[in-house]
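In: Following is a predicted model, sequence given first.
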Amino acid sequence: VSPQIHERLRHFVKRGPLTPLPNSNLHAYTFEIDCLDVARQTIIFHLALWFCYFFGQSLLYVHDVVAQRAYEPTLPQVPEGIIDEGEDSVKIVSLVKTKEPLGATIKRDQSTGAIVVARVMRGGAAHKSGLIHEGDELKEVNGVAVDRRKPKEILPLLARSRGDVTFTIVPAFSEQEELSLFVRALFDYSPSEDPAVPCKDAAIAFKRGDILQIVTTEDDTWWQACHVSGSNARAGLIPSQQLQERRVALQRPQTFLKPLFPSLSLSLTIPAGLRKSFRLGKKSNWVKEAARSKRWSSGVQESICPPTYIEVIPYRQDSEERHRLVVLVGPSGVGINELKRRLLLSDPDLYGTSIPYTTREKRSQETEGMDYHFVSVHKFEEDILNRRFIDYGTYRGHYYGTSLNSVYRVMAEGKVCLLDVHPCKLKRVYTLEFKPYVVFVKPPRIEELRLTRRRAKFICDEEDPNQVRMFSEEDFEDMIDSAETTEAQHGHMFDKVIVNGDVAVAFGELKADLQRLREAAVRWIPAEWLCSSPTKARRSCGLLAGWI
Ligand SMILES: Nc1ncnc2c1ncn2[C@@H]1O[C@H](COP(=O)(O)OP(=O)(O)OP(=O)(O)O)[C@@H](O)[C@H]1O
């Protein structure tokens, strides 16, 4: 039956739509059923045909509407001459005017003479439409140019309007649109794993270290941002700084807020420039305990806010200043010296390292300026007073330290200076002058540590390089524990995190990364290096005060 019905329908359609009789009830339609051979059809067939026709006709009608896109609203023509070449883009807003007023006031701008929207009343038709905003410049009302009229001449135009009122508007330049705030994300975010995101499709994923442009911070909880690099420039939702801080605060262990031994926190100064494996070796239980307390206490002082985003600005490097400071930080024994050694060997003309200062006696096999700069106690203390050390400390009655001079020396040779400092001392060089690139060397999971370090030994006494020992299970645990704390406290300063599992892989990654850094025309540097006062962006959204 259906092919026949289809055939009949086609026939009807060709002949044009059927017209119901004025008394349109079911029995009154004629439907030209004469074209069917009534004699050969049962009553049921007629009824089926009738229904199919009825719905079929509707279906064909809908098809035509969709095919011709006749459902789209038609915008009025933009009158010629109203908009000059190169002028701001206009928008045409059509509102349905009821008896209710539009809920907006207009005024003449004193400086430009333009007619602008002075106020949009909350809850009024204009406000509810979301299409008219304060500061919008009115060009036309219902096709009549208004830009040379007085406000009182425009009101009658509106009063006369019934039904649709069409406005031609130059949208106001909104402060919020002006927001051009770049941040580096300090955490990984995946909307698919976030049950709280209002709309997963409207959000964007990012990784720690990604540079994001914040487009709007109107919503306190969900900002809008887009990736600066990459093909997808679509803005999407990201957790706001406040939201992320709240989330981290909820996850943070209570001990973080309660230092165990606050009084010990400043008493430990770890010498710089020493082989850290030696530091690992000299750890006594007391030292370990104190080190733990130091982590929490300094953490509380420095990281009241959990790291969320850090404001950055683009910095164009000129070829003259390609060689900068590369700071390697990480827990003792993680492999910083190993990576530094491999970099120096791979390209001795490109990389150099700062030579530590010490007050201890030079040994026969040591060379001044190669192993250490050997100086007197008086000279060392003078340099301490003159703030010439990035980091210094004492061991067995001798001073050891890394001086700013030794960094300047390497940089003056046109080399990339590889510096290894305790993260607490990073602040000393975290300035525009040095523009450090900070690499955090992180241990892998404990299983991989056991596997990769099963034959590794480290020097455990600075005074005696022959004193070596193997890693213990406790060393691994301390390394992981310390890495977590360092990352939580100083992670906002890290440009790159390298996991040192397989040393060849870690070295390859570090080398390639430093190569990319040298070749990059633009670098994203912390805004705090350049602007001590709040930036325009900070003012406009009232955020990012201090570090975030
Ligand atoms: N990925 C790795 N796989 C195996 N052994 C490693 C790896 N990285 C480093 N080592 C070895 O671990 C030992 C300690 O490394 P290294 O001295 O570089 O650590 P460090 O971070 O400089 O330590 P410290 O800060 O305490 O001086 C060395 O014997 C080194 O060769």
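Out: Received it, and whenever you're ready, just let me know what you need. Every value quoted in this text rests on a predicted model; they were computed, and no experiment measured them.

In: residues in contact with V407?
Out: V407 makes contact with L325, S354, I390, C417, L419, V429, F434 under the criterion Cβ atoms under 8 Å, 6 or more residues apart in numbering. The way it works is simple: take the backbone N, C-alpha and C, and place the C-beta from them, glycine included.

In: Select from those residues every entry located in strands.
Out: L325, I390, C417, L419 (DSSP state E).

In: In space, what's closest to E100 - neighbours in sequence excluded?
Out: Nearest residue to E100, sequence neighbours excluded (Cβ to Cβ, 6 or more residues apart in numbering): A125, at 6.0 Å.

In: on that earlier part again, now flag whichever of the contacts of V407 is closest to S94.
Out: The shortest approach to S94 among the contacts of V407 belongs to F434, at 58.6 Å (Cβ to Cβ).

In: hang on, the closest one packs against L325?
Out: Yes: the pair F434 and L325 passes the contact test of Cβ atoms under 8 Å, sitting 4.5 Å apart.

In: how about the helices of the stretch 151-300 of the chain, start to end?
Out: 151-160, 175-178, 241-251, 276-282, 285-302 (DSSP state H, counting those that start in this stretch).

In: can you state the direction angle for the helix or strand immediately after the last one in the chain and helix 241-251?
Out: For helix 285-302, the succeeding helix or strand toward the C-terminus, using DSSP states H and E, is strand 309-316. For strand 309-316 and helix 241-251, the angle between their directions (axes from the mean of the first three to the mean of the last three Cα atoms, to 10 degrees) works out to 130 degrees.

In: Direction included, what does strand 309-316 pair up with?
Out: Using DSSP bridges, strand 309-316 pairs in its sheet with strand 181-185 (antiparallel), strand 522-526 (antiparallel).

In: Between those, which has the poorest mean confidence score?
Out: Ranked by mean pLDDT, the strands paired with strand 309-316 end with strand 522-526 at the bottom, a mean of 88.

In: which parts of that one are buried?
Out: R523, W524, I525, P526 (16 or more other Cβ atoms under 10 Å).

In: The second one and I313, how far apart?
Out: Okay, so that is W524. 7 Å (Cβ to Cβ, to the nearest Å).

In: ditto for the first one
Out: Per Cβ to Cβ, R523 is found 10 Å from I313.

In: Between these two, which contacts overlap?
Out: In contact with both R523 and I313: no residue, using Cβ under 8 Å, 6+ apart.

In: Dump the strands paired with strand 309-316 into TSV; add distance to V410 as well.
Out: TSV is the format used below for these (distance: least, Cβ to Cβ, whole Å):
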stretch	distance to V410
strand 181-185	27
strand 522-526	20
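
In: Tell me which of those strands approaches A172 most closely.
Out: Taking the strands paired with strand 309-316 one by one with Cβ to Cβ, strand 181-185 is closest: 20.3 Å.

In: Give me the packing partners of the particular helix or strand that has E382 in it, helices and strands only.
Out: Using DSSP H and E, E382 falls within helix 377-385. Packed against helix 377-385 by the contact rule (3 or more Cβ pairs under 8 Å, 6 or more residues apart in numbering; DSSP states H and E) you find strand 389-395, strand 398-403.

In: buried stuff in that helix?
Out: Buried-residue list, helix 377-385, by 16+ other Cβ under 10 Å: F380, D383.

In: can you pull the buried residues of the lengthiest helix in the chain?
Out: Ranked by residue count under DSSP state H, the longest helix found in the chain is helix 43-67. Applying a neighbour-count criterion of 16+ other Cβ under 10 Å, one finds L49, C52, Y53, G56 buried in helix 43-67.

In: tell me the pLDDT at the first one?
Out: L49 is assigned 72 on the pLDDT scale.

In: let's have the chain start at 33 instead
Out: Happy to do that; since the first residue is 33 now, the last one works out to L81.

In: Distance-wise, check it relative to G88.
Out: 10 Å.

In: Just send the contacts of V439 back as TSV, with neighbour count, distance to H524 and pLDDT too.
Out: Output for those, formatted as TSV (neighbours: other Cβ atoms under 10 Å; distance: Cβ to Cβ, whole Å; pLDDT from 0 to 100):
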residue	neighbour count	distance to H524	pLDDT
L357	21	18	92
S386	25	24	88
I422	24	19	92
C449	24	22	94
L451	26	19	93
V461	21	15	91
F466	20	17	90
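
In: quick check, nearest of these to the ligand?
Out: Nearest to the ligand among the contacts of V439: L451, at 12.7 Å, using Cβ to the nearest ligand atom.

In: isn't that closest one right up against L360?
Out: Yes: between L451 and L360 there is a contact under Cβ under 8 Å: 7.1 Å.

In: pLDDT below threshold where in the stretch 433-580 of the chain?
Out: Residues of the stretch 433-580 of the chain meeting the criterion pLDDT under 70: 493-497, 563-580.

In: Would you mind finding the most buried of the helices and strands packed on helix 409-417?
Out: With neighbours defined as mean count of other Cβ atoms under 10 Å, the helices and strands packed on helix 409-417 peak in mean count at strand 430-435, which reaches a mean of 23.

In: Can you get me a residue count around D534?
Out: By other Cβ atoms under 10 Å, 13 other residues sit near D534.

In: give me every residue that touches it.
Out: D534 touches T484, counting by Cβ under 8 Å, 6+ apart.

In: What's the separation between it and R373?
Out: 16 Å.

In: ditto for S435
Out: 21 Å.

In: now swap in I478 and tell me
Out: Distance from I478 to R373, by Cβ to Cβ: 25 Å.

In: Also A228?
Out: For A228 relative to R373 (Cβ to Cβ), the value is 46 Å.

In: When the two are compared, which one has more neighbours?
Out: Neighbours per residue, other Cβ under 10 Å: of A228 and R373, the larger number sits with R373, 14 against 10.

In: helix or strand for that one, which one?
Out: Taking DSSP H and E as the criterion, the element that holds R373 is helix 368-378.

In: Can you give me the buried ones in that helix?
Out: For helix 368-378, the neighbour count (16+ other Cβ under 10 Å) marks I368, N369, E370, L371, K372, R374, L375 as buried.

In: near the ligand too, which of these?
Out: Applying Cβ under 6 Å from any ligand atom, the subset of the buried residues of helix 368-378 adjacent to the ligand comprises I368, N369, E370.

In: Can you name the residues of the stretch 383-532 of the chain that neighbour the ligand?
Out: Contact residues (Cβ under 6 Å from any ligand atom) of the stretch 383-532 of the chain with the ligand: T484, R485, A488, K489, F490, N532.

In: Look up how far L163 lies from the spatially closest residue to the second one that is not a sequence neighbour.
Out: Closest residue in space to R485, ignoring its immediate chain neighbours: F503 at 4.8 Å, by Cβ to Cβ, 6+ apart. Applying Cβ to Cβ, the value for F503 to L163 is 67 Å.

In: quick one, which of the two is more surrounded?
Out: Neighbour totals were compared for F503 and L163, and F503 leads with 20 against 17 (other Cβ under 10 Å).

In: Pull the contacting residues for the more buried one.
Out: So F503 contacts G365, L481, R485, A488, F490 (Cβ under 8 Å, 6+ apart).

In: how near is the third one to R373?
Out: Right, R485. Counting by Cβ to Cβ - R485 and R373 are separated by 16 Å.

In: Ok, the first one next?
Out: When distances are taken as Cβ to Cβ, G365 and R373 turn out to be 14 Å apart.

In: Could you pull up the contacting residues of the nearest residue to G268 once chain neighbours are set aside?
Out: Nearest non-adjacent residue to G268, counting by Cβ to Cβ, 6+ apart: I236, 3.4 Å away. Residues in contact with I236 (Cβ under 8 Å, 6+ apart) are P223, A257, C258, H259, N264, R266, A267, G268, L269, I270.

In: Check L458 too.
Out: V359, V361, P468, V470, H522, M525.

In: Nearest residue to the last one in space, please, no chain neighbours.
Out: Right, the one you point to is M525. V470 (5.3 Å).

In: That neighbour and the ligand: what is the separation?
Out: The span separating V470 from the ligand equals 15 Å under the rule Cβ to the nearest ligand atom, to the nearest Å.

In: All good on my end, thank you.
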